[in-house]
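> Provided below for reference: sequence and predicted model.
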Amino acid sequence: MNAWGWLFMLVSLALVWVTTIWAYCRLLGAPRENSNDQS
Amino acid sequence: MSTEKKPMEWGTRVGVILAVSGSAVGLGNFLRFPGQAASHGGGAFMIPYICALLFLALPIGWAEWAMARHGGTKGFHNGAAILGVCGRGKIARYFGVLAILIPMVVYMYYVYIEAWCLRYAWEYLTGGVQLTGSIGEQVKEAGTFFGHATGTSTNGVLNMSVVFWMIVVALNIALVYRGLKGGIEKFCQFALPAMAFLAVIVLVRVLTLGTPDPTHPGQNVLNGLGYLWNPDFSKLTDFETWLAAAGQIFFSLSVGFGVILNYASYLKKKDDVALSGLTASATNELFEVGFGGLITITAAFVFLGASGIVGTSTFGLGFQTLPVVFHQMGVLGPWIGFSWFFLLFLAAITSSISMLQPVKTFFEEALGITHGKAIALTSLVCGVGSFWVIWFSKNTMALDTMDFWVGTFCIFLLATVQIICFGWVWGTEKGMLELDQGALIKVPRIFMFIMKWVAPVYLLVVLIGFSYSQLPGKLRDIANNPIELWTVVIIVATLLLLVAVLAVGERRWRAAGLDLDGETS
């Protein structure tokens, strides 16, 4: 794999992992009033 | 409107996101994405792919979440009525029938592929996949096995694959019958983590393959990753690459599919839709890029080299090439094979239940029938269509015809209708206010411009480009092939049935005094 290949792969993987983890953290850390959680 | 006593609702905030993610994560993430990327510029494919994600899929997805919740507060949970509310009238409502037609027809063939996945998982578990001889002979044997196991070698074959089809159909019906909270949400809460677990197992095995054949030192993991990720920038000047990226994003994220319109309509006014839409998209991308982008092509390259991948179709890669790869993995091979196909089965069933639900809801609301009767009617119509796909399965002809006209062309069409309803009829100001209601993140205001101008223009260019490059050939195929012609007749008959049901629904909704043209805000 060449340097460009590494760059595209690592940037793409970083983007999807960081966005997903950030989104779930934000969601789970939000106040419960905004949700219809029942538990 | 529904005759059932208890209204449908989601149990938890994460539950609805996992259900939407489950709908989006399907076979396309693991099989279609790597194939598309490898043949359209490798790493460079990510540039048009991310553009399509930011300027098409994400804004249209947000528009769907917002319109759905708004329609839900008016008492509607079916895509046609919701688009009628946000599109303010009959034209949008009747175009909205596409939001029922698409999941309905896609279900007809998707459930058949789902049955293949379950059958392959079963065969790996019971030692039914036996390949012998040289690699070339194994590839040939895997092809024969595929034809036999799926019934795609000839028309009119009803073999064991039909038994697996019946099991899969029964599972789908049972899950939808149990409702949103007790069926779909509960199942997705188990299936999504299970899929991630299985994907990690297969990924770890693939990335630790090293150089399994010392006589072919070039066939190693790094070169396998390079085969997919090394960019070919010259492909960026090819319009086909941009078209393929947009098509992949639509196919993958379930936007323009009618599913989000139904699922998000059960949210309450104060529930978040902005972060939920983003999270569901991110989850899908994690499975697509993070797992699909590392597993499939890499594994095939390591054992078979570039020549074993070039020109292989999506089904060929998943069901014929990979079994040969698993066979080379020795004693762990059958277990990795089982993990892989069970992962595909879970990915498929979380998508197929999301296709039944909008259709069931449409029949329920338009005809005023009970939950059970609506499921029975949905199963009957989908079952007839699915049986057609199984009967005319040679070279997956009926399947491919439905996939092209409904699973691709109609999706572009519905997405165009939706973004025009959102940006131009309902208005981006109102749409943004709806998105902001209960939002856990603030959607950047630049998206007002993107939703009003960029997404519709981008989509129209894609739609025109796609029609120009694909439609003439496909129309010729219909004229020359009776199976393709009759498959299109079935699609049109299904569309007419849905239009007739909508006409009945319109009368009922008006009589009930519902605001079906969105006249009050």
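That came in fine, so what should we check first?

> which residues of the chain score low on pLDDT?
Unless you meant another one, I'm taking chain A. A:32-39 (pLDDT under 70).

> That was the other one, I meant chain B.
B:1-7, B:521.

> which parts of it sit against chain A?
Within chain B, the residues that sit near chain A (C-beta under 8 Å from any C-beta of the partner chain) are B:9-14, B:17, B:42-44, B:46, B:50, B:222-223, B:225-226, B:229-231, B:267-268, B:270-272, B:275-276, B:278-279, B:282-283, B:285-286, B:288-290, B:293, B:438, B:440-441. Yep, even glycine has a C-beta here, placed from its N, CA and C like the rest.

> if you look at these, which of them are in strands?
Using DSSP state E, no member of these falls in strands.

> of those residues, buried ones?
Buried subset of the residues of chain B next to chain A (neighbour count, 16 or more other C-beta atoms under 10 Å in any protein chain shown): B:10-14, B:17, B:42-44, B:46, B:50, B:223, B:225-226, B:229-231, B:267, B:271-272, B:275-276, B:278-279, B:282-283, B:285-286, B:288-290, B:293, B:438, B:440-441.

> The closest residue to residue B:428 other than its chain neighbours: what's it in contact with?
Spatial nearest neighbour of residue B:428, chain neighbours left out: residue B:448 (4.5 Å); criterion: C-beta to C-beta, 6 or more residues apart in numbering or on different chains. Residues in contact with residue B:448 (C-beta atoms under 8 Å, 6 or more residues apart in numbering or on different chains) are B:428, B:429, B:432.

> tell me how far the helix ranked longest in chain B is from the chain's mean position?
Determined from DSSP state H, the single longest helix within chain B is helix B:333-367. In this view, helix B:333-367 has its centroid 9 Å away from the chain centroid, taken as C-alpha atoms, centre = their mean, to the nearest Å.

> right, and residue B:162 touches residue B:391 too?
No - judged on C-beta atoms under 8 Å, residue B:162 makes no contact with residue B:391 at a distance of 9.9 Å.

> buried residues in the helix or strand hosting residue B:36?
Under the criterion of DSSP states H and E, residue B:36 resides in helix B:33-39. Judged by neighbour count (16+ other C-beta under 10 Å), helix B:33-39 contains these buried residues: B:33, B:34, B:35, B:36, B:37, B:38, B:39.

> related to what we said a few turns ago, what's the PyMOL line that selects buried ones from the contacts of residue B:448?
Buried members of the contacts of residue B:448, defined by 16+ other C-beta under 10 Å, are picked up in PyMOL with:
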select buried, chain B and resi 428+432
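
> between the contacts of residue B:448, which is closest to residue B:104?
Closest to residue B:104 out of the contacts of residue B:448 is residue B:428 (30.4 Å), distances taken as C-beta to C-beta.

> Which of the helices or strands spans that closest one?
helix B:428-436.

> same deal with residue B:298?
helix B:293-304.

> what do you get for residue B:455?
Using DSSP H and E, residue B:455 maps to helix B:455-480.

> Could you list every helix and strand in contact with that helix?
For helix B:455-480, the contact count by 3 or more C-beta pairs under 8 Å, 6 or more residues apart in numbering or on different chains; DSSP states H and E identifies helix B:58-73, helix B:239-253, helix B:397-404, helix B:411-420, helix B:482-511 as packing neighbours.

> okay, the ones you listed, which one's buried deepest?
Greatest average neighbour count among the helices and strands packed on helix B:455-480 goes to helix B:58-73 (a mean of 26), per mean count of other C-beta atoms under 10 Å in any protein chain shown.

> Taking helix B:411-420 as reference, get the angle to that one.
70 degrees (axes from the mean of the first three to the mean of the last three C-alpha atoms, to 10 degrees).

> Quick check: the residue of the stretch 151-300 of chain B nearest chain A.
residue B:226 (3.2 Å; C-beta to the nearest C-beta).

> residues in contact with that residue?
Residue B:226 makes contact with A:1, A:2, A:5, according to C-beta under 8 Å, 6+ apart.

> how deep is residue B:458 tucked in, by neighbour count?
Neighbour count of residue B:458, defined by other C-beta atoms under 10 Å in any protein chain shown: 20.

> That one is in contact with residue B:57, isn't it?
No - with contact defined as C-beta under 8 Å, residue B:458 does not count as touching residue B:57 (10.5 Å).

> Which SSE is immediately downstream of the longest helix of chain B?
helix B:371-391.

> can I get the CA coordinates of that following helix in CSV?
The C-alpha trace of helix B:371-391 is given here as CSV (Å, rounded to 0.1, in the frame of the first residue of the first chain):
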residue,chain,number,x,y,z
HIS,B,371,-52.4,-4.5,12.8
GLY,B,372,-52.8,-8.3,12.2
LYS,B,373,-54.9,-7.9,9.0
ALA,B,374,-52.4,-5.3,7.7
ILE,B,375,-49.5,-7.7,8.2
ALA,B,376,-51.5,-10.5,6.5
LEU,B,377,-52.2,-8.4,3.5
THR,B,378,-48.6,-7.1,3.3
SER,B,379,-47.3,-10.7,3.6
LEU,B,380,-49.6,-11.9,0.9
VAL,B,381,-48.7,-9.2,-1.7
CYS,B,382,-44.9,-9.4,-0.8
GLY,B,383,-45.1,-13.2,-0.8
VAL,B,384,-46.5,-13.3,-4.4
GLY,B,385,-43.8,-10.9,-5.6
SER,B,386,-41.0,-12.8,-3.8
PHE,B,387,-42.2,-16.1,-5.3
TRP,B,388,-41.9,-14.6,-8.7
VAL,B,389,-38.3,-13.7,-7.9
ILE,B,390,-37.6,-17.2,-6.7
TRP,B,391,-39.2,-18.9,-9.7
